[in-house]
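>>> what's the 3D shape of this:
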Amino acid sequence: MKRLILVPDGWPCALYECRPGLFMFDDTLCLRDDYGGFYIAENGDAFWGGTPDKEHRAKLEVQPVKAEWEEYEE
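Model (predicted):
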């Protein structure tokens, strides 16, 4: 069988340095779009990371990730 897993894609970085695509913040999967928007993947809400403003949010450390298929046995 196959399952979809998320694996690190590069080094952790500040949110403002993160390329568009998927990233992890703590245990939350998020998405940065091509226009600089940040969203929580589970529900589409805007991602703020518990910070009060954009300046603090930009400095949050995130981990870019990519999705890969993995073979496994049950």
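>>> tell me the centre residue of the chain?
Using C-alpha atoms, centre = their mean, the residue of the chain that lies closest to the mean C-alpha position is Phe23, 1.5 Å off.
>>> what's the helix or strand for the closest residue in space to it that isn't next to it in sequence?
Closest residue to Phe23 apart from its sequence neighbours, by C-beta to C-beta, 6 or more residues apart in numbering: Val62 at 4.4 Å. C-beta here means a position set from N, CA and C on the backbone, and glycine is covered the same way. Using DSSP states H and E, Val62 maps to strand 61-71.
>>> in the chain, which spans are strands?
Secondary structure of the chain (DSSP state E): strands at 2-8, 13-14, 21-25, 28-32, 38-40, 61-71.
>>> closest to Asp53 out of those?
For the strands of the chain, the distance to Asp53 is smallest for strand 38-40, at 13.3 Å, taking C-beta to C-beta.
>>> Quick check: bridge partners of the residue nearest to the centre of the chain?
For Phe23, the beta-bridge partners are Cys30, Pro64 (DSSP bridges).
>>> how close does it get to Leu4?
Per C-beta to C-beta, to the nearest Å, Phe23 is found 16 Å from Leu4.
>>> before we move on, what about Leu60?
25 Å.
>>> Looking at these two, which one has more neighbours?
Just comparing Leu60 and Leu4: by other C-beta atoms under 10 Å the higher neighbour count belongs to Leu60, 20 against 8.
>>> on that earlier part again, wait, isn't the residue nearest to the centre of the chain in contact with Lys66?
No: applying C-beta atoms under 8 Å as the test, Phe23 and Lys66 come out as separate, 10.1 Å apart.
>>> related to what we said a few turns ago, including mean pLDDT and distance to Thr51, could the strands of the chain go into a markdown table?
Shown next, in a markdown table, are the strands of the chain (pLDDT from 0 to 100; distance: least, C-beta to C-beta, whole Å):
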| stretch | mean pLDDT | distance to Thr51 |
| --- | --- | --- |
| strand 2-8 | 96 | 23 |
| strand 13-14 | 98 | 12 |
| strand 21-25 | 98 | 11 |
| strand 28-32 | 98 | 13 |
| strand 38-40 | 98 | 11 |
| strand 61-71 | 97 | 12 |
